[in-house]
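1. Sequence and predicted model, in that order:
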Amino acid sequence: MEETGRVLVDPEGEKTRLELKFTPIAVTLSVFDDKTLPDPSEDEEKIQSGSVTCCIDDQSKIRAMWSSANLSDDVISAALVYVQKRASVLLSVLRKVSKTS
């Protein structure tokens, strides 16, 4: 890292393996008033009233959450329920793929 804070990447430099303590799964939902829509398209994002992205781990612990709007507790709760269900499906697929490769 330079004194300015700029990070330089040397593609020919030494490689370091990134050790993860958990498997992160991030899911984004568009918000339309009090309803949520998972994995919005570009057109849907243009007309949404907000969005929420939640990252959880393979133990269903919330690791990060970001929202583009001031969302109600009900919308956040519904989003979290959906994200936990979706993450479970995605983790199942990742485990199957990692066993076959």
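-> Cool, the structure landed. Numbering: from 1, shown residues only.
2. check contacts around R63.
-> R63 is in contact with 22, 24, 55-57, counting by Cβ atoms under 8 Å, 6 or more residues apart in numbering. C-betas here are computed from N, CA, C, even on glycine.
3. 6 Å instead, please
-> 55, 57 (Cβ atoms under 6 Å, 6 or more residues apart in numbering).
4. name the element it belongs to?
-> strand 62-67 (DSSP states H and E).
5. how about the strands in the chain?
-> 25-32, 35-38, 50-56, 62-67 (DSSP state E).
6. contacts for the longest one?
-> Outside of strand 25-32, the residues within contact range by Cβ under 6 Å, 6+ apart are 36-38, 40, 44, 48-56, 75, 79, 83, 86-87, 90.
7. quick one: the residue found closest to L29 once you drop the neighbours it is linked to in the chain from S72, how far?
-> In space, L29 comes closest to T36 once its chain neighbours are excluded; the distance is 4.3 Å by Cβ to Cβ, 6 or more residues apart in numbering. Going from T36 to S72 by Cβ to Cβ, to the nearest Å gives 11 Å.
8. And A79, by the same measure?
-> Counting by Cβ to Cβ, the gap from A79 to S72 is 11 Å.
9. These two - which one has more neighbours?
-> Applying other Cβ atoms under 10 Å to A79 and S72 shows that A79 carries more neighbours, namely 23 against 12.
10. my guess is the more buried one meets T36, correct?
-> Yes. Assessed by Cβ atoms under 6 Å, A79 is found in contact with T36 at 5.5 Å.
11. Poorly predicted segments of the chain, please.
-> Scanning the chain for pLDDT under 70 picks out 1, 101.
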